[in-house]
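Novice: give the three-dimensional model of this entry:
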Amino acid sequence: MNHTAAFIMPVKLSGGEIELRLFREAVDSIKHQTDTDWMIIMVDDFSDDQRVYDVIDEMKAELKDKLHVIYSEKNNGSGVTRNIAVRYAHEIGAPFILFNDSDDISDPRRLELVRKSFEEDETVNVVYTGFVVIDENNNVTPPEKINMSVREIIEGHKVDIVEGENAWIDIVTKKKYTNLTSCTAVRTDLAFEEPFPAASVSEDSHTWLRYGAHPGKFHFLKEIKGRYRICSGVQSRSRSANVNFYELMYKMDSAGFEEALKAAKKYGTMGGWDENELRAAFHVRLALSLLHGDSEECCRESLMESVAISKEKTLEYIEKLHCQPEYKARMKAMVG
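Specialist: I've put the predicted structure just below:
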């Protein structure tokens with residue numbers, strides 16, 4: 001039986017000096033794992049410069065059979081790129097995979113503790129950790145300089161942590177998003193069964209909901225944190241690449257919810273919720289994230305989806321949100 005865990009790393013780089021340094025640091029964080037039974041499945045998503053391929057060649061020469069590289073013939077986007085790697089991990093029988101983007105840093109004990117979680121409880125499907133935000137110089141970014149959408153994920157790891165069965169219920173009603181991609185590990189069979197959508201905005205959120213709707217548990221590792229890279233003056237990779245980020249997020253998250261709902265009804269993981277009431281609670285929670293992103297138009301649209309089910313329930317769910325009173329007031333005013 002194959003025990004080798006697979007780190008999955010999509011690569012789409014332009015060849016800049018800083019960018020390549022961060023790429024090397026991300027790979028170094030995997031090389032320095034305390035558990036050495038790993039391989040990296042790297043998928044280059046049609047990078048823009050020969051210098052990127054030169055660096056990958058250097059890594060291949062050093063890591064040999066611990067690094068498998070797949071080269072795309074066109075730019076596919078992060079969702080499809082990860083699916084290519086997942087498919088390979090499934091073919092070689094890797095028991096579980098750990099996502100790690102090309103500039104994010106894994107804690108040295110990540111694989112050790114993830115493997116322990118999966119081996120000690122066969123019902124655990126997903127293992128994730130918290131994270132700190134760092135800049136291009138590896139300095140920790142102060143909370144007040146982190147955008148609100150990312151801060152709400154970090155704050156969510158301090159209270160009502162999502163764990164256990166029916167994890168998707170807590171995600172849609174309380175969190176919207178809780179496990180950062182580079183801090184998430186999943187059993188390979190589940191990742192293969194539930195591929196990422198062909199998108200580069202909220203493709204991970206869409207996928208986590210479907211993971212959580214399957215029978216099985218989410219587990220949060222409190223002992224360690226990953227390091228999520230947001231370079232100075234940049235909100236995040238997906239936000240900086242998409243002008244209409246929040247409109248795309250709204251559509252993708254809504255689609256992910258509906259797909260997860262189908263799976264939950266199939267597997268009996270509704271957690272006692274009525275379908276329409278859960279849909280209303282989801283749209284209220286999504287509206288808060290959209291408001292955090294200063295996308296009032298999309299926030300209002302999401303709230304109206306909830307109001308169409310029940311205005312009374314919409315107001316009730318707004319009141320239950322963990323957020324500053326000003327956000328509740330703004331949302332109530334939109335509901336009228």
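
Novice: and the strands in the stretch 1-150 of the chain, which stretches?
Specialist: 5-11, 38-44, 67-71, 96-99, 124-134 (DSSP state E, counting those that start in this stretch).

Novice: how about those in JSON lines, adding distance to K328, mean pLDDT and mean neighbour count?
Specialist: Glycine gets a C-beta too; all of them are placed from N, C-alpha and C. JSON lines is the format used below for those (distance: least, Cβ to Cβ, whole Å; pLDDT from 0 to 100; neighbours: other Cβ atoms under 10 Å):
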{"stretch": "strand 5-11", "distance to K328": "38", "mean pLDDT": "98", "mean neighbour count": "26"}
{"stretch": "strand 38-44", "distance to K328": "43", "mean pLDDT": "98", "mean neighbour count": "21"}
{"stretch": "strand 67-71", "distance to K328": "47", "mean pLDDT": "98", "mean neighbour count": "16"}
{"stretch": "strand 96-99", "distance to K328": "34", "mean pLDDT": "98", "mean neighbour count": "25"}
{"stretch": "strand 124-134", "distance to K328": "26", "mean pLDDT": "98", "mean neighbour count": "23"}
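
Novice: can you list these in CSV and add distance to P215?
Specialist: As requested, these are exported to CSV (distance: least, Cβ to Cβ, whole Å):
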stretch, distance to P215
strand 5-11, 23
strand 38-44, 27
strand 67-71, 31
strand 96-99, 17
strand 124-134, 8
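
Novice: domain-wise, how is the chain divided?
Specialist: Using automatic domain parsing, the domain parsing of the chain gives 5-237, 245-335.

Novice: ok, R227 to K31 distance?
Specialist: The gap separating R227 from K31 is 15 Å, by Cβ to Cβ, to the nearest Å.

Novice: and these two? which has more neighbours close in?
Specialist: Taking other Cβ atoms under 10 Å, R227 and K31 do not tie; R227 has more neighbours (20 against 16).

Novice: and the more buried one, backbone torsions?
Specialist: Dihedral angles of R227 (phi, psi; degrees, to the nearest 10) stand at phi -120, psi 120.

Novice: that one against F131, yeah?
Specialist: Yes: if you go by Cβ atoms under 8 Å, R227 and F131 touch, sitting 6.5 Å apart.
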